[in-house]
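Predicted model, plus sequence, below.
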Amino acid sequence: MNPHAAAWFKDTATHLLERIEPYLELLKRHDVQVVKRISADPGQIIYEDTVQIVVVPHEAKI
């Protein structure tokens, strides 16, 4: 377990990415800042399946 780990959807998981937009709109309506991040190298992969990866950012230590 790593407190710095973060899950990322793969860009091929379009069926899941399409479902995010309503949630983003809800957050924006309530003045919650949303930042979309895209990265070819988000960090060290500690888990991967067909739709997502879980990574520890390069600047974090495992």
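Thanks, I have it. Residues are numbered from 1 along each chain as shown.

give me the low-pLDDT residue ranges for the chain?
60-62 (pLDDT under 70).

can you pull out the strands in it?
6-9, 44-48, 52-56 (DSSP state E).

what's the distance between the shortest one and the middle of its chain?
Strand 6-9 sits 3 Å away from the centroid of its parent chain (Cα atoms, centre = their mean, to the nearest Å).

Show me which positions of that strand end up buried.
For strand 6-9, burial by neighbour count (16 or more other Cβ atoms under 10 Å) applies to Trp8. Bear in mind the C-beta positions are built from the backbone N, C-alpha and C, glycine included.

ditto for the second one
When burial is assessed from 16+ other Cβ under 10 Å, strand 44-48 yields no buried residues.

what's that strand in contact with?
2, 5, 53-56, 58, 62 (Cβ atoms under 8 Å, 6 or more residues apart in numbering).

list the contacts for Pro57?
Per Cβ under 8 Å, 6+ apart, neighbours of Pro57: 4, 6, 42-43.

and with 10 Å instead?
2, 4-6, 39, 42-44 (Cβ atoms under 10 Å, 6 or more residues apart in numbering).

Please tell me how far it sits from Glu25.
Pro57 sits 27 Å away from Glu25, going by Cβ to Cβ, to the nearest Å.

re earlier: which among the contacts of Pro57 end up buried?
Looks like the contacts of Pro57 have 5, 42-43 buried, using 16+ other Cβ under 10 Å.

Looking at the residues you listed, which are in helices?
Judged by DSSP state H, helices contain none of the buried ones among the contacts of Pro57.

In the protein, where's the longest helix?
Ordering each helix of the chain by length in residues (DSSP H) puts helix 21-29 first.
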